[in-house]
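Enquirer: fold the stuff below for me.
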Amino acid sequence: MTTFTVRHTIECNAETFWKLFFDKTFNEELFRKHLGFSQFDIVEHRETDSQIIRKVRGTPKVDLPGPIAKLMGSNFSYTEEGTFEKSSKRWRWKMTPSTLADKLRNEGTVTLEPAGENKVTRVAEIIAEAKVFGLGGMIESTTEKQLRDGWDKSATFFNTWIRTGRTTG
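Expert: Sure thing, here's the model as predicted:
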């Protein structure tokens, strides 16, 4: 099992960050156009007084080493289920892959820290675990590399979106 943290400065306040984070248009452009997903769909989004619950399905563009690509198959996708607790301002998520769901674990949290006027630091704490004999370590390191790259690209997209004056939906 590997755990890691990624931190990015996002050039907006916390309220704007979370509005964008849950905005359908923003997410579709981020995942489909910027991150190269062939599929990205918000299949559930509901809000209560205390939570926002969201479920998405995605087919990411991945670059996997040969043995992992063979194991995962050519149509790898995942379902992500997450809950935002309004009181703690914490997003908890868990991904369920389309293959090896009983062997792979990928989950984490997202929080924000103040980083100056109209800036926050997005902190994502992530767990990647692969219980696959002989390939677990390779899968975990590949997952970490892919996720770090995706989080880096999403931070760039966030800041570009904000700098160009785009708002939600």
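Enquirer: the residue nearest to residue 16 when sequence neighbours are not counted in helix, strand or coil?
Expert: Closest residue in space to residue 16, ignoring its immediate chain neighbours: residue 162 at 7.3 Å, by CB to CB, 6 or more residues apart in numbering. Just so you know, the C-beta spots here come from the backbone N, C-alpha and C atoms, and that holds for glycine as well. Here residue 162 is helix, with the state taken from DSSP: H, G, I helix; E, B strand; the rest coil.
Enquirer: mind giving me the packing neighbours of whichever strand or helix holds residue 158?
Expert: Using DSSP states H and E, residue 158 maps to helix 136-163. When contacts are defined as 3 or more CB pairs under 8 Å, 6 or more residues apart in numbering; DSSP states H and E, helix 136-163 packs onto strand 2-10, helix 14-21, helix 66-72, strand 104-114, strand 120-130.
Enquirer: and it, what's buried?
Expert: Neighbour-count burial for helix 136-163 flags 136, 138-140, 142-144, 146-147, 150-151, 154-155, 157-159, 161-162 (criterion: 16 or more other CB atoms under 10 Å).
Enquirer: for stretch 21-34, same thing?
Expert: Result for stretch 21-34 [16+ other CB under 10 Å]: buried residues 21-23, 26-27, 29-31, 34.
Enquirer: what pLDDT does residue 168 get?
Expert: Listed pLDDT for residue 168 reads 61.
Enquirer: what sits against the residue nearest the centre of the chain?
Expert: Nearest to the geometric centre of the chain sits residue 151, at 6.9 Å (CA atoms, centre = their mean). Residues near residue 151 by CB atoms under 8 Å, 6 or more residues apart in numbering: 6, 8, 124.
Enquirer: ok so, going back, how far off centre is the helix holding residue 158?
Expert: 8 Å (CA atoms, centre = their mean, to the nearest Å).
Enquirer: burial count for residue 42?
Expert: Using other CB atoms under 10 Å, residue 42 has 15 neighbouring residues.
Enquirer: run through the chain and note the low-pLDDT ranges.
Expert: 167-169 (pLDDT under 70).
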